[in-house]
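Trainee: give me a model of this one.
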Amino acid sequence: MVVAVLGRGLVGAVTGALAAGGAETPLDGANGPVGRLSGGGCDPAVVVGAAVVFFLFPKNDQERRMLAEFAAEDARSAEAEAPT
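Mentor: Coordinates of the predicted model:
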């Protein structure tokens, strides 16, 4: 009889704790300082970053040409350093 009462009390306590804990989700704090930045503070940074990548990084054909030049230069230096 005592075990059944304790068991029901424990189940009731655990159920109440789970219900109270379920009211708060792990994302409740997501609207803090970091969450506020994503609303408008990061938008200019994204635009500036995209512009830097678009204008300053080499285009695909230029990059492939540069990679071929680097590979040829590496092959020449490897041949020059190879023991004969």
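Trainee: what's the weakest-modelled helix or strand in this protein?
Mentor: Ranking every helix and strand in the chain by mean pLDDT, DSSP states H and E puts helix 33-40 at the bottom, with a mean of 53.
Trainee: burial measure for R76, as a count.
Mentor: By other C-beta atoms under 10 Å, 10 other residues sit near R76. For glycine as for every other residue, the C-beta is placed from the backbone atoms N, C-alpha and C.
Trainee: okay, and it sits in which element?
Mentor: helix 60-81 (DSSP states H and E).
Trainee: report the rounded mean pLDDT for that helix.
Mentor: Averaging pLDDT along helix 60-81 yields 92.
Trainee: what is that helix packed up against?
Mentor: Counting contacts by 3 or more C-beta pairs under 8 Å, 6 or more residues apart in numbering; DSSP states H and E, helix 60-81 packs against no other helix or strand.
Trainee: could I have it exported to CSV, CA atoms only?
Mentor: The C-alpha trace of helix 60-81 is given here as CSV (Å, rounded to 0.1, in the frame of the first residue of the first chain):
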residue,chain,number,x,y,z
ASN,A,60,36.2,29.8,-62.9
ASP,A,61,38.2,29.9,-66.2
GLN,A,62,40.8,32.2,-64.7
GLU,A,63,41.1,29.9,-61.7
ARG,A,64,41.6,26.8,-63.9
ARG,A,65,44.2,28.6,-66.0
MET,A,66,46.0,29.6,-62.8
LEU,A,67,45.9,26.1,-61.4
ALA,A,68,47.4,24.7,-64.7
GLU,A,69,50.2,27.3,-64.5
PHE,A,70,50.9,26.3,-60.9
ALA,A,71,50.9,22.6,-61.8
ALA,A,72,53.3,23.3,-64.7
GLU,A,73,55.6,25.4,-62.4
ASP,A,74,55.6,22.6,-59.8
ALA,A,75,56.4,20.0,-62.4
ARG,A,76,59.4,22.1,-63.7
SER,A,77,60.7,22.7,-60.1
ALA,A,78,60.3,18.9,-59.3
GLU,A,79,62.3,18.0,-62.5
ALA,A,80,65.0,20.5,-61.6
GLU,A,81,65.3,19.2,-58.1
